[in-house]
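*Asks:* Got a sequence here, can you model it:
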Amino acid sequence: MTEPAIRSLLLAIRRATAHLRIYGPTHEVAEAAFRDIADAADTLIGSAARMMITVLDHTLYLNRAPMAGISLEFNGMIGEMEARGVESIMFEAPVQAADCGALARFLQGGDDRPGGSVVLNEDSWARVDLNDSPTEGLRHAYTDSLVALRSLGGAVKSGTGLELGQASRAVRSLLEQVVAQPEAAFLLATMKSHHEYTFYHSVNTAILAIALGRLVGLDHDDLFVLGVGALLHDIGKIGVSASILEHPGRLGPEAWAEIKLHPQIGAEAILAAAGHGIEPAAVVAYEHHAGFDGSGYPTIPNHDHTARDRHIAKSGASLHLFSRLVAVADTYDAVTTRRSYRRAETPNRAVHLLLKGAGRSHDPDAVNAFISMMGIHPPGSRLLLDDGRIAVAIQSTGDSASRPIAAVVVDADGNTLAQPVLIQLDPRRIVDQIPPLHQSIDPSYLIERLRDGIFAA
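*Replies:* Numbering: from 1, shown residues only. Below is the predicted model of the structure:
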């Protein structure tokens, strides 16, 4: 598979540019990073003479083949390349560390372009049409949401105020795609990024919340507002110090007090920018940690968790319905994502925690609806089978409840399959769910290879 190799190359480039900022180009740490780029590039080239990376429309291509999952995982880095005018990077074997250093310096803002074994913009494309893929729209909606969040994050940090037009357009695209192809959307919502946790987590939460809102009968207009609230629910965290967000142990009183301010910061920012009808999105940002029983933060005045039939929270009523839906989606994605201070849990462990919190931190009706939507083995679950194979759950609800649809991705000998095999599983053959740490499967890679089957338009 080329995904691990291209990932190693991009990570090496990212590390090299970071080391340049800290140490300068002549430090031994930076020079070692340049050698890492060269080694990763030579590995990717293999027995060929050269290979080309192309960047176009927020998408990365390797030798003209689209790398959908990599494009999402390194979306921010790809945007930085585009901002520097990079359209293609040609690597010719043997790749020289000095040329890789020149590439890193250029990406870091230098004026001189690399040459020799690393050449920029030698063979760029004027136009690429990928509309034949039915999942291309879904990936672009995900990417557009990430771009919108980065823009809004910059506004929060600078204190310039939010402009919600870009985020609103991204949510409309997400809504359209979730309605059109929910199975693919659920799989893509397992996309994770340790480097940009808050942004990817927010997009995943939006996908899950929109699907959950659709299940409980919200109309299109309400689904849009719900999606905006879900996408922006953590926007207030942008102003919180990264050292606090990634702190591995128990937070001290001052740090915890700062964390507890993010719902209010986010709600105020959204309210200042929201047009008529979008105000519930600010309520979602404010209430998503409040807890169904009021035990969370911030404290909601006159909170009454027994009045959960209310659509809009008022004095003495429950949390807003949108807040309760987003809280469930938020918790599920957070629990299944690895952080610096804890491992990622399996989807069924996340479901167990939701059930455990039903009636306390979460609305039991919202939890039950979410479990009904996701099934016993939620999409993206890594399943260990009794013959040693590993499969990824695709669908385990509706007609597939008794025999889940899954894709075998690793054979009994531990070899990753170049082409996933779509099967219907006897649940008795499932031995366990495997934490993502033990077996990393790119959901976008899986979607692209299954699009002619279950995901065909």
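*Asks:* who are the neighbours of the longest helix along the chain, in terms of helices and strands?
*Replies:* Across the chain, the longest stretch assigned as helix under DSSP state H is helix 136-158. Contacts defined by 3 or more C-beta pairs under 8 Å, 6 or more residues apart in numbering; DSSP states H and E place helix 136-158 against helix 68-73, helix 75-83, helix 165-180, helix 182-188, helix 197-215, helix 220-231, helix 262-273. Yep, even glycine has a C-beta here, placed from its N, CA and C like the rest.
*Asks:* how about a cut-off of 7 Å?
*Replies:* helix 68-73, helix 75-83, helix 165-180, helix 182-188, helix 197-215 (3 or more C-beta pairs under 7 Å, 6 or more residues apart in numbering; DSSP states H and E).
*Asks:* Going by mean pLDDT, which of those helices comes out lowest?
*Replies:* Ranked on mean pLDDT, the bottom entry among the helices and strands packed on helix 136-158 is helix 68-73, at a mean of 80.
*Asks:* between the helices and strands packed on helix 136-158, which gets nearest to A391?
*Replies:* Nearest to A391, of all those, is helix 182-188, at 13.0 Å by C-beta to C-beta.
*Asks:* so when I look at A5, I'm seeing a helix, right?
*Replies:* Yes: counting by DSSP: H, G, I helix; E, B strand; the rest coil, A5 falls inside a helix.
*Asks:* I figured it hits L44, correct?
*Replies:* Yes: with contact defined as C-beta atoms under 7 Å, A5 counts as touching L44 (4.5 Å).
*Asks:* neighbour count winner among those two?
*Replies:* Each of A5 and L44 has its neighbours counted (other C-beta atoms under 10 Å); L44 has more, 21 against 17.
*Asks:* which ones are touching that one?
*Replies:* The contact partners of L44, taken as C-beta atoms under 7 Å, 6 or more residues apart in numbering, are A5, I6, L9, M51.
*Asks:* Can you classify it as helix, strand or coil?
*Replies:* Applying three-state DSSP: L44 is helix.
*Asks:* Relative to M51, how far out is it?
*Replies:* In this structure, L44 and M51 are 6 Å apart, going by C-beta to C-beta, to the nearest Å.
*Asks:* And V335, by the same measure?
*Replies:* Taken as C-beta to C-beta, the span from V335 to M51 is 38 Å.
*Asks:* Those two: which is more packed in?
*Replies:* Using other C-beta under 10 Å, the more surrounded residue of V335 and M51 is M51, with 22 against 18.
*Asks:* tell me the strands in the stretch 301-450 of the chain, going along the chain?
*Replies:* With strands called from DSSP state E, counting those that start in this stretch, the stretch 301-450 of the chain shows them at 382-385, 390-395, 405-410, 416-424, 430-434.
*Asks:* just these: most buried one?
*Replies:* strand 390-395 (a mean of 25; mean count of other C-beta atoms under 10 Å).
*Asks:* pretty sure A230 contacts R324?
*Replies:* No: counting by C-beta under 7 Å, A230 does not reach R324; the two are 11.8 Å apart.
*Asks:* Give me the more crowded residue out of those two.
*Replies:* The neighbour comparison of A230 against R324 (other C-beta under 10 Å) goes to A230, with 32 against 26.
*Asks:* The more buried one and G159, how far apart?
*Replies:* 24 Å.
*Asks:* buried residues in the longest helix of the chain?
*Replies:* 136-150, 152-153, 155-156 (16 or more other C-beta atoms under 10 Å).
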